Each structure stands twice: as C-alpha cells, then as structure tokens.
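Peer 1: After the sequence you'll find the predicted model.
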Amino acid sequence: MQRKITKAVFPVAGLGTRFLPATKSIPKEIMTLVDRPLIQYAIDEARAAGITEFIFVTSRGKSALEDYFDDAPELESALKAANKTALLETLQSTYMESGAIAYVRQNRPQGLGHAVWCARRQIGEEPFAVILTDDVIAAEKPCLQQMVEAYTETGGNMVAAMEVRPEKTSSYGVLDIAEDRGAIVRAKGMVEKPKPGEAPSNLAVIGRYVLAPSVMHNLNRKRIGAGGEIQLTDAIAEDIEAGVPVYGFRFRGQRYDCGSKAGFLQATVAFGLAREDLNAEFAQFLHETMALREAAQ
Ligand code: G1P
C-alpha cells in the first residue's frame, strides 16, 4: 500500500508569451475554455484525485490568479438577491478552504524542474502530484484520479503518457521503454525534447505526474538540461538509475494542448460541443460554417 497523495504542485509561473497580447495583463491560466479558467479544470481534477493541499508556484504578474480563488461575497449577495441559484452554486464550487492553497514564488524562470523544486518545503518527504495546466484532459474518470489509482499498485514515479506522431517527439519528454504492459509502461530512461530522429520511442510525457520525494532531492542538484533549463524529466530519469522505478501511464481520455493556439481552439470547440446548454446552437453554427467554407472552395 502506497502513501496517500494529498499534495499537488501547479507550476503557474510561465510568462505565456505564446498568447500575447492577451497574456500582457492576464495570466494564461485564467484564460477560459467556454466559461471556466484553465486553472479551474486543473483544480477540479486534483480534487477528484483526493488532493487537499494545492501549491501554486507563481511569479510576478499572477495576482489575478491568486485572487481568483478568494470567496466573492459581493457577487454572492447579488446572486442571492436575484435568486440565481444555479449561478450561485457555480460560484461556490470555485471556493477553496482557507489555507488549502499555498503560493510560492519562482524568482526567475529556470525551467519546469526548477519551478517544481520551489515547492520543496511544502512537499517535504511525501510523494506528490504535479499538474501542468496547459494540458487539459477530457476524461470520464479524471486523468490524475486514474493515475493515483494505478500508483496504489505500482508506487515509484508515474507520468501520464501518450503516443505522439514521430515528428512531434521533440516537443515532449519521451520515454525509453523497458517493459510495455499496456496501460502501464516501465521506463528505462527519459529524454527531454529529443532532437528529431533521436527519440527512444514516440511515447510522450503529458503534464500529470505522481512523484516520489526523491525527485525533489534530485532537483536539488540543479542539473542543467535541454534548452539550458532545469528539467523535471531529468530529475525523474535520475530516479531510475537510483533504483526507484518510473512508469508511464497511458490514460484514458482526450488531451488538448492548451499551451498552443491551435490546441486551445480545439479544446474550446470540444468543450463547447460537450455542453448541453450550448451544444445545439454551437453545433449548428460549426456545421454551417464548414458548409460555407466548402462551398467557397
Ligand atoms: C513540459 C515537460 C515535457 C512534457 C510536456 C507536456 O514541456 O517539460 O517533458 O512532455 O510539458 O506538455 P513544455 O510543454 O512545458 O515545454
């Protein structure tokens, strides 16, 4: 039986330059899919997996993100007075217990590994989860919950994994497979953003991790990796050498790369279509738009 995972780290210090000019004044984690900010999807997924302590690694210019999780008494009384019960419930579903979120600051960007390392004092000597808010995963059972359940059997370290097209491997951490058991793959190595043609497989790491505290110790060494940054992938790979196993977990669900414009638009369409209150009108619009496009070609 593994120790229960109750803490999750959310590295949210990134500048979000790919979404300029929007991210000039709003953190990218506040950008919305339909009507919910990306961070809300990540928090809900963490809660479903049993997480009770949320550690945000932030940076300058992220105050809107911190404010987002405060209670909103003015909004609440306005909605109560207007008898808008459904909206009131939506609002209250975003509330977090006081003290449940801790904010630690990354003073300057030095890579994902460095961002996670900033949370070392909050994590201590416990296994913990990491969620990258850019990776939004639509799934019947939330991805991190699937992983925590699988981790109960395996222990060690576990990363979400997905096959990508060979020409895309250079954008990801990639697993070197020792043993493929289907949903679970044991890795004998991991490479961050391998050069084209050098990837050990096309099984890529997606932004959900369940990690042993030893990964924090590895990060202490501040080894510089791909892109001149301290990489989380490298710190996890070091565990393999030290005898702590690393597993890739092929999750069930659809992942959207909301760190890219195309991925964000795809997620917007998919989440819009999945919403009962929007589906009919939105589906018709998409249908007509595509028909017009085809007619014009
Ligand atoms: C990060 C990780 C990478 C992982 C990816 C998943 O890269 O460093 O290993 O495959 O997230 O989205 P980033 O996309 O931040 O460059």
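Peer 2: Ah, there it is.
Peer 1: what pairs with the closest residue to the ligand within the stretch 151-297 of the chain across the strands?
Peer 2: Among the residues of the stretch 151-297 of the chain, residue 173 lies closest to the ligand, at 2.6 Å counting by C-beta to the nearest ligand atom. Placement of C-beta: from N, CA and C, glycine included. Beta-bridge partners recorded for residue 173 (DSSP bridges): residue 192.
Peer 1: quick one, what contacts it?
Peer 2: 159, 190, 191, 192, 193, 204, 205, 231, 232, 233 (C-beta atoms under 8 Å, 6 or more residues apart in numbering).
Peer 1: Kindly report the same for residue 252.
Peer 2: Going by C-beta under 8 Å, 6+ apart, residue 252 touches 139, 140, 141, 146.
Peer 1: Please, where are all the strands along this protein?
Peer 2: Remark: strands assigned in the chain by DSSP state E are 7-11, 32-33, 36-37, 53-58, 101-105, 128-131, 135-138, 157-163, 173-180, 184-192, 203-211, 246-250, 254-257.
Peer 1: do you know how far residue 73 is from residue 253?
Peer 2: According to C-beta to C-beta, to the nearest Å, residue 73 and residue 253 sit 36 Å apart.
Peer 1: These two - which one has more neighbours?
Peer 2: residue 253 (16 against 8; other C-beta atoms under 10 Å).
Peer 1: among the helices and strands of this structure, which has the poorest mean pLDDT?
Peer 2: Least confident element among the helices and strands of the chain, by mean pLDDT, DSSP states H and E: helix 63-68 (a mean of 90).
Peer 1: what's that one packed up against?
Peer 2: strand 53-58 (3 or more C-beta pairs under 8 Å, 6 or more residues apart in numbering; DSSP states H and E).
Peer 1: List the pairing partners of the strand it packs on within its sheet, with orientation.
Peer 2: strand 7-11 (parallel), strand 101-105 (parallel).
Peer 1: need these in TSV with mean pLDDT and mean neighbour count, can you?
Peer 2: Output for those, formatted as TSV (pLDDT from 0 to 100; neighbours: other C-beta atoms under 10 Å):
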stretch	mean pLDDT	mean neighbour count
strand 7-11	98	26
strand 101-105	96	15
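Peer 1: of all those, which lies closest to the ligand?
Peer 2: Closest to the ligand of the strands paired with strand 53-58, according to C-beta to the nearest ligand atom: strand 7-11, at 8.5 Å.
Peer 1: Leaving out sequence neighbours, find the closest residue to residue 33.
Peer 2: residue 271 (4.8 Å; C-beta to C-beta, 6 or more residues apart in numbering).
Peer 1: On the pLDDT front, check the closest residue to residue 264 other than its chain neighbours for me.
Peer 2: Nearest residue to residue 264, sequence neighbours excluded (C-beta to C-beta, 6+ apart): residue 258, at 4.8 Å. Per-residue confidence (pLDDT) for residue 258: 96.
Peer 1: top helix in this protein by residue count?
Peer 2: helix 279-296 (DSSP state H).
Peer 1: residues in contact with that helix?
Peer 2: Applying C-beta under 8 Å, 6+ apart, the contact partners of helix 279-296 are 269, 272, 273, 275.
Peer 1: Right, I'll call it a day here.
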